[in-house]
Each structure stands twice: as structure tokens, then as C-alpha cells.
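Novice: sequence unknown, structure follows:
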Ligand SMILES: N[C@@H](CCC(=O)N[C@@H](CS)C(=O)NCC(=O)O)C(=O)O
């Protein structure tokens, strides 16, 4: 039963609760883990939530331990949901041999190619299974969701927000992979999961997706932070391409480039408060 969320661990945190959960994910065909922070306000009424997608080599624990988001989320009354970064235990040969492909490197899409297609269905899992589950099983208002993420998870946040209009009211990213069809990480992942026909890749490339919009999809703005000492910036991330695509369709974008910051969680936690404020502003505005 995918609806049953089993509690693996629970910790009091800033007056709320940090939980680690597992459930049998129907779309994945395997158990999936996630972390859930519920602010104190969730004891009284349903609260809005942010979905956080982590990057390569991470899991459902990374954001909860290293992101530093709970204090402000408790103040604002926002829940934080961090799913795992891929299926685990599928038994695909070599699934954990590469750090940038396979386990912990799902790129948050549905694979069409063997041997990945049966289990690597992260997009369907997140959008069609997890989001409804949050509203049904947790004190979360599924009509008020935002999405954000880091690196591969920033790619996930931008592409899922653009591919599923209406599912997320707000979006932001830390050092996202902005044009995966044009970088080595993305080419490797897309070739393996989607096959060699690059035409099919474009629908999972945030810069291409943005270019194809008829009007600004997030008129309240998108926030992206990027460290200038990030060792992946030049070859993998390409924020300038997303910036150009946003300009073409008049999508408001705040892209901040920070001197001295690298790719890791010291950078992410340094700007976490600004991301929570960005989402809070949009999620709490009167409809
Ligand atoms: N293993 C890679 C780095 C992988 C990496 O930087 N992963 C990022 C996301 S793309 C991350 O958040 N890692 C976990 C951490 O920093 O705690 C390397 O040796 O260069």
C-alpha cells in the first residue's frame, strides 16, 4: 500500500518534528524514503509545503541535516519534504558503480530505456504519487506547494515546475544544472535513461522548456543562487543559458552570482533563508 507512511525516525525540532519516512512506492515498485519536517503550526491546520530535490550522491537525509532550513520553516509555518534522489535496491547491474548515473542520480525523470525503465520513474513518482499522498496522509495543503533543489535537484525543480503547470506555485534553485542537454552530466544521464535521440531530451532541459513558453510561467519570479567558485559552474551548470531563456519569454528571474562560494552545502545553507522567504511570499499571498 503506497498510502502507508512508515516512520523510521522522529526528532523534535524548533517546536515541530523532523521525521524520516518510508513507503512502498507504486510508481517505483520499491520502497522509497523521504524526510518530512512539520512546523508547529501543522498541529492545528494544514500548512503549505516545499519539496526539496537534492543533488548527485545525496539522499533523503542530506537536506534535513545540512540545509539549515527548519528554523525559518518553523517560524513561517511551512513543511519541508525531501525525497530520496533515486530508487535504491532495484538490482540493475552496475546501478551504483557511477556517482553521476544510476543510484542517487535519477535526474528526476521517467526512464524509457532498459534496464532503467521499470523502476527509474521519479517524475511520475513525485508528481502523481507523492504529491497526492502528502495531502492525504500529512497535515499539508497540497494546493500550496513550492519546489526547490540543488544541482541535479535544481534541474529537477525547474523542469518539474515547467512540465507540470499548476502543481507548484513557487520555484527556486541552488546551482542548478540549467541546460542538461548541453553538459556532460546531462548527456550521460539522458543517453542512459532516454536513449540517443536528442530530440526527446529537450523536454527535460530547463532552458529549452523555458524558451518554449508562450508567456512567463512564474510571474512572481524565480530565484537562483550560484557560487562563482563552484567547480562545476563552467562545464555542467550553464545558468547563463537559463537566464537568456527567461529573458526571451519575459520570465522574471533573480539570478545571484556569489563571489567565493563553492558547490556544496556551506553555500546552500548560506542562502537558504532567502529561498524560504521567496517561497513564503508567494505561498502566503491571498488568492
Ligand atoms: N562526488 C563528486 C561531487 C558530488 C557532489 O558535489 N554532489 C553534490 C550535489 S551535485 C552534493 O550536494 N554533495 C553532497 C554534499 O555536499 O554534502 C566529486 O567528487 O566531485
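Specialist: Received, thanks. All figures in this text were calculated on a predicted structure; none of them were measured in a lab.

Novice: hey, what's the nearest residue to residue 94 once chain neighbours are set aside bridged with?
Specialist: Excluding its sequence neighbours, the residue lying closest to residue 94 (C-beta to C-beta, 6 or more residues apart in numbering) is residue 102, at 6.9 Å. Every residue, glycine included, has its C-beta placed from N, CA and C. Residue 102 has these beta-bridge partners by DSSP bridges: residue 105.

Novice: where exactly do the helices run in the stretch 1-150 of the chain?
Specialist: Ranges of helices in the stretch 1-150 of the chain, per DSSP state H, counting those that start in this stretch, are 62-66, 70-76, 122-124, 131-137.

Novice: Dump those into TSV; add distance to the ligand as well.
Specialist: Putting those into TSV (distance: least, C-beta to the nearest ligand atom, whole Å) gives the following:
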stretch	distance to the ligand
helix 62-66	6
helix 70-76	17
helix 122-124	16
helix 131-137	23
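
Novice: returning to what we had before: surely the residue nearest to residue 94 touches residue 91?
Specialist: No: using C-beta atoms under 8 Å, residue 102 is not in contact with residue 91, being 11.7 Å away.

Novice: quick one: pLDDT of the most far-flung residue of the chain relative to its centre?
Specialist: Using C-alpha atoms, centre = their mean, the residue of the chain lying farthest from its centre is residue 44. It sits 27.2 Å away. pLDDT recorded at residue 44 is 97.

Novice: one step back: list the contacts of the residue nearest to residue 94.
Specialist: Neighbouring residues of residue 102 by C-beta atoms under 8 Å, 6 or more residues apart in numbering: 86, 92, 94-96.

Novice: at 7 Å what do you get?
Specialist: Residues counted as contacts of residue 102 (C-beta atoms under 7 Å, 6 or more residues apart in numbering) are 94-96.

Novice: Likewise for residue 233?
Specialist: Applying C-beta under 7 Å, 6+ apart to residue 233 gives the contacts residue 226.

Novice: Over stretch 265-281, what's the mean pLDDT, rounded is fine.
Specialist: Mean per-residue pLDDT for stretch 265-281: 98.

Novice: which residues are in contact with it?
Specialist: Contacts to stretch 265-281, defined as C-beta under 7 Å, 6+ apart, come from residues 50, 66-69, 72-73, 76, 78, 146, 148, 150, 170, 172, 174, 223, 225, 227, 261.

Novice: what do you get for stretch 114-122?
Specialist: With C-beta under 7 Å, 6+ apart as the test, stretch 114-122 has contacts from 27-30, 86-87, 90, 92, 106, 108-111, 192-193.

Novice: Please point out which parts of that stretch sit buried.
Specialist: 116, 119-122 (16 or more other C-beta atoms under 10 Å).

Novice: can you give me the strands for the stretch 151-287 of the chain?
Specialist: Here the stretch 151-287 of the chain has its strands, by DSSP state E, counting those that start in this stretch, at 170-174, 222-227, 253-258.

Novice: To the ligand, which of those lies closest?
Specialist: Closest approach to the ligand among these (C-beta to the nearest ligand atom): strand 170-174, 9.2 Å.

Novice: Give me the helices and strands touching that closest one, please.
Specialist: Secondary-structure packing of strand 170-174 (3 or more C-beta pairs under 7 Å, 6 or more residues apart in numbering; DSSP states H and E): strand 140-150, helix 152-163, strand 222-227, helix 265-283.

Novice: What angle do strand 222-227 and it make with each other?
Specialist: Going by axes from the mean of the first three to the mean of the last three C-alpha atoms, to 10 degrees, strand 170-174 is angled at 10 degrees with respect to strand 222-227.

Novice: How far away from the center of its chain is strand 170-174?
Specialist: On the basis of C-alpha atoms, centre = their mean, to the nearest Å, the separation between the geometric centre of strand 170-174 and that of its chain is 8 Å.

Novice: Residues in contact with it: which ones?
Specialist: With C-beta under 7 Å, 6+ apart as the test, strand 170-174 has contacts from 146-150, 154, 157-158, 161, 218, 220, 222-225, 268, 271, 275, 278-279, 282-283.
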